[in-house]
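Asks: Okay, structure incoming, though there's no sequence with it:
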(Lines give C-alpha, C1' and ligand atoms only; values in the text may rest on other atoms or scores of the structure.)
Protein backbone atom coordinates (compact mmCIF):
# COMPACT_ATOMS: atom_id res chain seq x y z
CA UNK A 1 0.00 0.00 0.00
CA UNK A 2 2.78 2.40 0.97
CA UNK A 3 4.61 1.62 -2.32
CA UNK A 4 1.44 2.32 -4.26
CA UNK A 5 1.00 5.67 -2.46
CA UNK A 6 4.65 6.54 -3.15
CA UNK A 7 4.25 5.69 -6.88
CA UNK A 8 1.07 7.76 -7.04
CA UNK A 9 2.84 10.75 -5.48
CA UNK A 10 5.50 10.64 -8.20
CA UNK A 11 3.77 9.17 -11.29
CA UNK A 12 0.09 9.79 -10.58
CA UNK A 13 -2.07 12.24 -12.50
CA UNK A 14 -2.77 15.76 -11.30
CA UNK A 15 -5.93 14.88 -9.33
CA UNK A 16 -4.17 11.99 -7.55
CA UNK A 17 -1.16 14.11 -6.60
CA UNK A 18 -3.40 16.94 -5.36
CA UNK A 19 -5.42 14.54 -3.22
CA UNK A 20 -2.40 12.84 -1.62
CA UNK A 21 -0.43 15.99 -0.97
CA UNK A 22 -3.54 17.62 0.54
CA UNK A 23 -3.97 14.74 3.01
CA UNK A 24 -0.25 14.85 3.90
CA UNK A 25 -0.36 18.63 4.38
CA UNK A 26 -3.43 18.44 6.62
CA UNK A 27 -1.92 15.60 8.66
CA UNK A 28 1.39 17.44 9.06
CA UNK A 29 -0.38 20.65 10.08
CA UNK A 30 -2.40 18.72 12.67
CA UNK A 31 0.75 17.16 14.16
CA UNK A 32 2.60 20.49 14.30
CA UNK A 33 -0.31 22.24 16.01
CA UNK A 34 -0.73 19.34 18.46
CA UNK A 35 2.96 19.46 19.39
CA UNK A 36 2.80 23.22 19.86
CA UNK A 37 -0.32 22.93 22.04
CA UNK A 38 1.39 20.40 24.31
CA UNK A 39 4.61 22.41 24.53
CA UNK A 40 2.98 25.76 25.12
CA UNK A 41 -0.01 24.51 27.05
CA UNK A 42 -2.45 26.25 24.69
CA UNK A 43 -5.76 24.39 24.30
CA UNK A 44 -6.71 26.55 21.26
CA UNK A 45 -3.82 25.13 19.25
CA UNK A 46 -4.93 21.64 20.27
CA UNK A 47 -8.41 22.38 18.96
CA UNK A 48 -6.90 23.58 15.65
CA UNK A 49 -4.83 20.42 15.46
CA UNK A 50 -7.95 18.37 16.02
CA UNK A 51 -9.73 20.31 13.24
CA UNK A 52 -6.94 19.77 10.70
CA UNK A 53 -6.79 16.12 11.67
CA UNK A 54 -10.54 15.70 11.24
CA UNK A 55 -10.50 17.38 7.78
CA UNK A 56 -7.56 15.23 6.72
CA UNK A 57 -9.33 12.08 7.91
CA UNK A 58 -12.55 12.95 6.09
CA UNK A 59 -10.64 13.81 2.91
CA UNK A 60 -8.66 10.58 2.96
CA UNK A 61 -11.81 8.47 3.36
CA UNK A 62 -13.95 10.27 0.78
CA UNK A 63 -12.06 9.10 -2.32
CA UNK A 64 -9.99 6.02 -3.04
CA UNK A 65 -6.94 5.84 -5.28
CA UNK A 66 -8.84 3.62 -7.71
CA UNK A 67 -11.43 6.35 -8.23
CA UNK A 68 -8.71 8.87 -9.03
CA UNK A 69 -6.72 6.68 -11.40
CA UNK A 70 -7.47 7.33 -15.07
CA UNK A 71 -8.75 4.14 -16.61
CA UNK A 72 -6.38 2.85 -19.21
CA UNK A 73 -7.64 1.50 -22.49
CA UNK A 74 -6.76 -2.04 -23.04
CA UNK A 75 -4.99 -2.67 -26.26
CA UNK A 76 -7.00 -5.02 -28.33
CA UNK A 77 -5.12 -6.91 -30.95
CA UNK A 78 -6.77 -7.48 -34.24
CA UNK A 79 -7.52 -11.12 -34.66
CA UNK A 80 -5.46 -12.60 -37.42
CA UNK A 81 -7.42 -14.11 -40.18
CA UNK A 82 -5.92 -17.30 -41.29
CA UNK A 83 -5.48 -17.47 -45.03
CA UNK A 84 -7.36 -20.33 -46.57
CA UNK A 85 -5.16 -22.93 -48.16
CA UNK A 86 -7.34 -23.06 -51.27
CA UNK A 87 -6.36 -19.53 -52.41
CA UNK A 88 -9.76 -17.97 -51.68
CA UNK A 89 -7.94 -14.80 -50.59
CA UNK A 90 -6.84 -14.30 -54.17
CA UNK A 91 -10.40 -14.90 -55.28
CA UNK A 92 -11.62 -12.28 -52.80
CA UNK A 93 -9.03 -9.83 -54.13
CA UNK A 94 -10.09 -10.56 -57.70
CA UNK A 95 -13.73 -10.12 -56.70
CA UNK A 96 -12.89 -6.75 -55.13
CA UNK A 97 -11.10 -5.67 -58.30
CA UNK A 98 -14.06 -6.78 -60.39
CA UNK A 99 -16.38 -4.72 -58.18
CA UNK A 100 -14.10 -1.68 -58.55
CA UNK A 101 -13.95 -2.14 -62.32
CA UNK A 102 -17.71 -2.59 -62.45
CA UNK A 103 -18.22 0.57 -60.43
CA UNK A 104 -15.85 2.50 -62.72
CA UNK A 105 -17.66 1.21 -65.80
CA UNK A 106 -21.01 2.26 -64.34
CA UNK A 107 -19.67 5.73 -63.55
CA UNK A 108 -18.16 6.05 -67.03
CA UNK A 109 -21.42 4.89 -68.60
CA UNK A 110 -23.40 7.37 -66.48
CA UNK A 111 -21.08 10.22 -67.47
CA UNK A 112 -21.38 9.22 -71.12
CA UNK A 113 -25.18 9.12 -70.88
CA UNK A 114 -25.23 12.53 -69.21
CA UNK A 115 -22.94 13.96 -71.90
CA UNK A 116 -25.10 12.43 -74.64
CA UNK A 117 -28.17 13.93 -72.98
CA UNK A 118 -26.55 17.37 -72.92
CA UNK A 119 -25.55 17.07 -76.56
CA UNK A 120 -29.08 16.07 -77.56
CA UNK A 121 -30.50 18.94 -75.55
CA UNK A 122 -28.10 21.43 -77.15
CA UNK A 123 -28.82 20.03 -80.62
CA UNK A 124 -32.57 20.29 -80.06
CA UNK A 125 -32.22 23.86 -78.79
CA UNK A 126 -30.08 24.82 -81.78
CA UNK A 127 -32.53 23.15 -84.18
CA UNK A 128 -35.39 25.13 -82.64
CA UNK A 129 -33.43 28.37 -83.07
CA UNK A 130 -32.67 27.47 -86.69
CA UNK A 131 -36.32 26.66 -87.45
CA UNK A 132 -37.45 29.93 -85.91
CA UNK A 133 -34.91 31.91 -87.94
CA UNK A 134 -35.64 30.18 -91.25
CA UNK A 135 -39.37 30.77 -90.76
CA UNK A 136 -38.61 34.48 -90.44
CA UNK A 137 -36.76 34.70 -93.78
CA UNK A 138 -38.78 36.07 -96.68
CA UNK A 139 -37.87 37.51 -100.09
CA UNK A 140 -37.04 40.91 -98.61
CA UNK A 141 -34.84 39.44 -95.85
CA UNK A 142 -33.09 37.17 -98.35
CA UNK A 143 -32.29 40.06 -100.66
CA UNK A 144 -31.02 42.13 -97.75
CA UNK A 145 -28.69 39.34 -96.55
CA UNK A 146 -27.32 38.73 -100.05
CA UNK A 147 -26.59 42.42 -100.43
CA UNK A 148 -24.92 42.55 -97.02
CA UNK A 149 -22.61 39.64 -97.91
CA UNK A 150 -21.94 40.97 -101.43
CA UNK A 151 -23.20 37.86 -103.20
CA UNK A 152 -22.26 37.81 -106.90
CA UNK A 153 -24.93 37.84 -109.55
CA UNK A 154 -23.59 34.44 -110.62
CA UNK A 155 -24.39 32.28 -107.62
CA UNK A 156 -26.00 28.92 -106.91
CA UNK A 157 -28.10 27.36 -104.19
CA UNK A 158 -26.96 24.25 -102.33
CA UNK A 159 -27.90 22.29 -99.22
CA UNK A 160 -25.15 21.76 -96.65
CA UNK A 161 -25.80 18.37 -95.08
CA UNK A 162 -23.22 19.03 -92.38
CA UNK A 163 -20.22 21.16 -91.53
CA UNK A 164 -18.94 19.53 -88.29
CA UNK A 165 -16.25 22.11 -87.57
CA UNK A 166 -18.90 24.86 -87.34
CA UNK A 167 -21.61 22.57 -85.88
CA UNK A 168 -23.88 23.24 -88.85
CA UNK A 169 -26.38 20.62 -90.03
CA UNK A 170 -28.97 20.47 -92.81
CA UNK A 171 -28.76 24.15 -93.65
CA UNK A 172 -29.36 25.99 -96.95
CA UNK A 173 -26.60 28.06 -98.48
CA UNK A 174 -25.88 30.43 -101.35
CA UNK A 175 -22.50 29.82 -103.02
CA UNK A 176 -20.47 32.05 -105.32
CA UNK A 177 -16.92 32.38 -106.54
CA UNK A 178 -14.50 35.30 -106.56
CA UNK A 179 -10.97 35.34 -107.97
CA UNK A 180 -9.41 33.16 -105.27
CA UNK A 181 -12.24 32.18 -102.94
CA UNK A 182 -15.38 30.09 -102.84
CA UNK A 183 -17.94 31.81 -100.61
CA UNK A 184 -20.73 30.14 -98.62
CA UNK A 185 -23.57 32.20 -97.15
CA UNK A 186 -25.10 29.56 -94.87
CA UNK A 187 -28.44 30.12 -93.16
CA UNK A 188 -28.73 28.24 -89.88
CA UNK A 189 -29.72 29.86 -86.57
CA UNK A 190 -28.31 32.99 -88.22
CA UNK A 191 -26.63 33.98 -91.47
CA UNK A 192 -22.92 33.15 -91.57
CA UNK A 193 -20.39 33.50 -94.36
CA UNK A 194 -17.44 31.16 -94.84
CA UNK A 195 -14.64 31.39 -97.37
CA UNK A 196 -12.69 28.48 -98.82
CA UNK A 197 -9.58 29.08 -100.96
CA UNK A 198 -10.28 27.67 -104.43
CA UNK A 199 -6.82 26.15 -104.60
CA UNK A 200 -7.60 24.07 -101.48
CA UNK A 201 -10.47 22.29 -103.23
CA UNK A 202 -8.72 19.44 -105.06
CA UNK A 203 -11.75 17.24 -105.50
CA UNK A 204 -15.31 16.34 -104.59
CA UNK A 205 -15.28 13.13 -102.54
CA UNK A 206 -18.25 10.78 -102.49
CA UNK A 207 -19.20 9.59 -98.99
CA UNK A 208 -21.43 6.54 -99.40
CA UNK A 209 -24.24 5.13 -97.29
CA UNK A 210 -24.55 7.74 -94.55
CA UNK A 211 -27.28 6.63 -92.07
CA UNK A 212 -30.45 8.67 -92.53
CA UNK A 213 -33.99 9.11 -91.25
CA UNK A 214 -36.30 10.51 -93.95
CA UNK A 215 -39.04 11.20 -91.38
CA UNK A 216 -36.88 13.43 -89.17
CA UNK A 217 -34.21 14.76 -91.53
CA UNK A 218 -34.87 18.10 -93.22
CA UNK A 219 -38.34 18.29 -91.62
CA UNK A 220 -38.49 22.10 -91.95
CA UNK A 221 -38.14 22.08 -95.74
CA UNK A 222 -41.25 19.96 -96.17
CA UNK A 223 -43.40 22.95 -95.18
CA UNK A 224 -44.40 25.73 -97.54
CA UNK A 225 -42.21 28.49 -96.14
CA UNK A 226 -40.20 30.82 -98.38
CA UNK A 227 -36.93 28.98 -97.66
CA UNK A 228 -38.63 25.57 -97.71
CA UNK A 229 -39.90 26.04 -101.26
CA UNK A 230 -36.63 27.55 -102.48
CA UNK A 231 -34.35 24.77 -101.22
CA UNK A 232 -36.62 21.73 -101.40
CA UNK A 233 -35.09 20.60 -104.74
CA UNK A 234 -31.77 20.12 -102.92
CA UNK A 235 -32.96 17.62 -100.33
CA UNK A 236 -31.03 14.33 -100.48
CA UNK A 237 -32.14 11.17 -102.24
CA UNK A 238 -32.56 8.22 -99.90
CA UNK A 239 -31.91 4.53 -100.42
CA UNK A 240 -33.63 1.84 -98.41
CA UNK A 241 -32.57 -1.71 -97.67
CA UNK A 242 -33.85 -4.58 -95.57
CA UNK A 243 -31.38 -5.56 -92.86
CA UNK A 244 -32.59 -8.76 -91.16
CA UNK A 245 -36.18 -7.59 -91.24
CA UNK A 246 -35.39 -3.98 -90.32
CA UNK A 247 -35.84 -1.27 -92.93
CA UNK A 248 -32.78 1.00 -93.02
CA UNK A 249 -32.25 4.24 -94.94
CA UNK A 250 -29.01 5.75 -96.18
CA UNK A 251 -27.95 8.71 -98.28
CA UNK A 252 -24.82 9.73 -100.16
CA UNK A 253 -23.08 13.00 -99.38
CA UNK A 254 -20.20 14.79 -101.11
CA UNK A 255 -17.30 16.36 -99.25
CA UNK A 256 -15.06 19.28 -100.14
CA UNK A 257 -12.28 20.73 -98.03
CA UNK A 258 -12.29 21.91 -95.27
CA UNK A 259 -14.93 19.32 -94.38
CA UNK A 260 -18.18 20.66 -95.83
CA UNK A 261 -20.64 17.90 -96.77
CA UNK A 262 -23.29 18.60 -99.42
CA UNK A 263 -26.36 16.65 -100.51
CA UNK A 264 -26.14 14.71 -103.76
CA UNK A 265 -28.68 17.08 -105.37
CA UNK A 266 -26.40 20.06 -104.66
CA UNK A 267 -23.25 18.84 -106.40
CA UNK A 268 -24.24 19.85 -109.95
CA UNK A 269 -24.70 23.45 -108.80
CA UNK A 270 -21.47 23.34 -106.85
CA UNK A 271 -19.50 22.09 -109.86
CA UNK A 272 -20.72 25.04 -111.91
CA UNK A 273 -18.92 27.53 -109.64
CA UNK A 274 -15.76 25.51 -109.02
CA UNK A 275 -12.60 25.58 -111.11
CA UNK A 276 -12.81 23.28 -114.17
CA UNK A 277 -10.06 20.90 -113.05
CA UNK A 278 -11.71 19.86 -109.77
CA UNK A 279 -12.05 16.08 -109.95
CA UNK A 280 -14.87 13.88 -108.76
CA UNK A 281 -13.38 11.34 -106.32
CA UNK A 282 -14.62 7.91 -105.31
CA UNK A 283 -12.76 5.80 -102.77
CA UNK A 284 -14.19 2.28 -102.75
CA UNK A 285 -13.35 -1.30 -103.71
CA UNK A 286 -13.77 -0.64 -107.42
CA UNK A 287 -11.60 2.47 -107.69
CA UNK A 288 -8.91 0.98 -105.44
CA UNK A 289 -8.87 -2.33 -107.33
CA UNK A 290 -5.95 -3.30 -109.54
CA UNK A 291 -8.20 -5.61 -111.54
CA UNK A 292 -10.06 -2.84 -113.38
CA UNK A 293 -8.21 -0.38 -115.64
CA UNK A 294 -8.67 3.40 -115.62
CA UNK A 295 -11.15 3.36 -118.52
CA UNK A 296 -13.49 1.09 -116.60
CA UNK A 297 -13.09 3.25 -113.47
CA UNK A 298 -13.88 6.43 -115.40
CA UNK A 299 -17.17 5.02 -116.68
CA UNK A 300 -17.91 3.73 -113.18
CA UNK A 301 -17.36 7.19 -111.64
CA UNK A 302 -19.68 8.77 -114.20
CA UNK A 303 -22.34 6.15 -113.47
CA UNK A 304 -22.28 7.27 -109.83
CA UNK A 305 -22.71 10.88 -110.93
CA UNK A 306 -25.73 9.83 -112.96
CA UNK A 307 -27.26 7.77 -110.14
CA UNK A 308 -26.89 10.70 -107.76
CA UNK A 309 -28.54 13.13 -110.15
CA UNK A 310 -25.38 15.14 -110.75
CA UNK A 311 -25.51 14.46 -114.48
CA UNK A 312 -28.55 13.28 -116.44
CA UNK A 313 -28.75 10.20 -118.65
CA UNK A 314 -27.77 12.12 -121.79
CA UNK A 315 -24.77 13.56 -119.99
CA UNK A 316 -23.78 10.08 -118.89
CA UNK A 317 -23.98 8.73 -122.46
CA UNK A 318 -21.76 11.55 -123.70
CA UNK A 319 -19.12 10.78 -121.06
CA UNK A 320 -19.30 7.04 -121.80
CA UNK A 321 -18.69 7.68 -125.51
CA UNK A 322 -15.76 9.99 -124.75
CA UNK A 323 -14.18 7.25 -122.61
CA UNK A 324 -14.83 4.48 -125.16
CA UNK A 325 -13.37 6.62 -127.96
CA UNK A 326 -10.22 6.99 -125.84
CA UNK A 327 -10.23 3.23 -125.25
CA UNK A 328 -10.08 2.60 -129.02
CA UNK A 329 -6.65 4.21 -129.28
CA UNK A 330 -5.37 3.28 -125.83
CA UNK A 331 -1.94 1.58 -125.59
CA UNK A 332 -3.43 -1.73 -124.51
CA UNK A 333 -3.69 -5.18 -126.04
CA UNK A 334 -6.69 -6.38 -128.00
CA UNK A 335 -7.39 -8.86 -125.23
CA UNK A 336 -7.58 -6.07 -122.60
CA UNK A 337 -9.82 -4.01 -124.92
CA UNK A 338 -12.31 -6.87 -125.24
CA UNK A 339 -12.09 -7.61 -121.50
CA UNK A 340 -12.86 -3.96 -120.64
CA UNK A 341 -15.98 -3.92 -122.81
CA UNK A 342 -17.06 -7.24 -121.34
CA UNK A 343 -16.67 -6.00 -117.74
CA UNK A 344 -18.52 -2.75 -118.52
CA UNK A 345 -21.41 -4.77 -119.89
CA UNK A 346 -21.30 -7.25 -117.01
CA UNK A 347 -21.72 -4.48 -114.41
CA UNK A 348 -24.49 -2.78 -116.43
CA UNK A 349 -22.42 0.32 -117.16
CA UNK A 350 -22.94 0.09 -120.93
CA UNK A 351 -25.40 -1.72 -123.19
CA UNK A 352 -24.71 -4.54 -125.63
CA UNK A 353 -25.13 -2.02 -128.42
CA UNK A 354 -22.01 -0.18 -127.25
CA UNK A 355 -20.09 -3.47 -127.04
CA UNK A 356 -21.01 -4.37 -130.64
CA UNK A 357 -20.39 -0.86 -131.99
CA UNK A 358 -16.96 -0.34 -130.42
CA UNK A 359 -15.79 -3.87 -131.12
CA UNK A 360 -16.46 -3.21 -134.82
CA UNK A 361 -14.69 0.17 -134.64
CA UNK A 362 -11.67 -1.45 -132.99
CA UNK A 363 -11.43 -4.10 -135.74
CA UNK A 364 -11.70 -1.45 -138.45
CA UNK A 365 -8.94 0.65 -136.90
CA UNK A 366 -6.60 -2.33 -136.56
CA UNK A 367 -7.33 -3.55 -140.12
CA UNK A 368 -6.39 -0.12 -141.46
CA UNK A 369 -3.14 -0.26 -139.50
CA UNK A 370 -2.36 -3.69 -140.97
CA UNK A 371 -2.99 -2.50 -144.51
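Replies: Yep, it's here. Only a predicted model underlies this, so the values are computations on that prediction, with no experimental measurement involved.
Asks: And the strands in the stretch 251-371 of the chain?
Replies: Along the stretch 251-371 of the chain, counting by DSSP state E, counting those that start in this stretch, strands occupy 260-263, 279-281.
Asks: what number of residues lie near residue 323?
Replies: 22 (other C-beta atoms under 10 Å). Using the backbone N, CA and C atoms, a C-beta is placed for each residue, glycine as well.
Asks: Show me the shaky parts of the stretch 251-371 of the chain.
Replies: The stretch 251-371 of the chain contains residues with pLDDT under 70 at 368-371.
Asks: Tell me how far the residue nearest to residue 308 when sequence neighbours are not counted lies from residue 201.
Replies: Once flanking residues are discounted, residue 308 sits nearest to residue 264: 3.9 Å by C-beta to C-beta, 6 or more residues apart in numbering. The gap separating residue 264 from residue 201 is 18 Å, by C-beta to C-beta, to the nearest Å.
Asks: ok, those two, which is more surrounded?
Replies: residue 264 (23 against 17).
Asks: My read is that the more buried one contacts residue 237, right?
Replies: Yes - with contact defined as C-beta atoms under 8 Å, residue 264 counts as touching residue 237 (5.7 Å).
Asks: Give the residues shared as contacts by those two.
Replies: Contact criterion C-beta atoms under 8 Å, 6 or more residues apart in numbering; residues shared by residue 264 and residue 237: 251, 252, 308, 309.
Asks: If any of the residues you listed are buried, give me the ChimeraX selection for them.
Replies: Typed into ChimeraX, the line below selects the buried ones among the shared contacts of residue 264 and residue 237, using 16 or more other C-beta atoms under 10 Å:
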select :251,252,308
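Asks: ok, back up a step: in contact with the residue nearest to residue 308, which residues?
Replies: By C-beta under 8 Å, 6+ apart, the residues touching residue 264 are 236, 237, 251, 252, 253, 254, 308, 309, 310.
Asks: now, the most widely separated pair of the residues you listed?
Replies: Largest separation among the contacts of residue 264 by C-beta to C-beta: 251 and 310, giving 14.0 Å.
Asks: what ranges do the helices span in the protein?
Replies: Taking DSSP state H as the criterion, the chain carries its helices at 2-11, 14-40, 43-62, 65-68, 88-136, 139-148, 226-231, 267-273, 294-307, 313-328, 334-346, 352-370.
Asks: I'd like the mean pLDDT over the third one, please.
Replies: When the per-residue pLDDT values of helix 43-62 are averaged, the result is 64.
Asks: For residue 207, give me the pLDDT.
Replies: Looking at residue 207, its pLDDT reads 94.
Asks: For the residue lying closest to it once chain neighbours are set aside, list each beta-bridge partner.
Replies: Nearest non-adjacent residue to residue 207, counting by C-beta to C-beta, 6+ apart: residue 253, 4.7 Å away. Note on residue 253: beta-bridge partners by DSSP bridges are residue 207, residue 263.
Asks: what's the neighbour count on residue 253?
Replies: Neighbourhood size, residue 253 [other C-beta under 10 Å]: 23.
Asks: how about it, what does it touch?
Replies: With C-beta under 8 Å, 6+ apart, residue 253 has these contacts: 161, 162, 207, 210, 236, 261, 262, 263, 264.
Asks: May I see those organised as CSV, with distance to residue 336 added?
Replies: Listed next are the contacts of residue 253 as CSV, based on distance: C-beta to C-beta, whole Å:
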residue, distance to residue 336
161, 39
162, 42
207, 32
210, 36
236, 38
261, 37
262, 37
263, 38
264, 33
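Asks: closest to residue 294 among the residues you listed?
Replies: Of all those, residue 207 has the smallest distance to residue 294: 22.4 Å, by C-beta to C-beta.
Asks: For residue 230, which non-adjacent residue is closest in space?
Replies: Nearest residue to residue 230, sequence neighbours excluded (C-beta to C-beta, 6+ apart): residue 157, at 6.8 Å.
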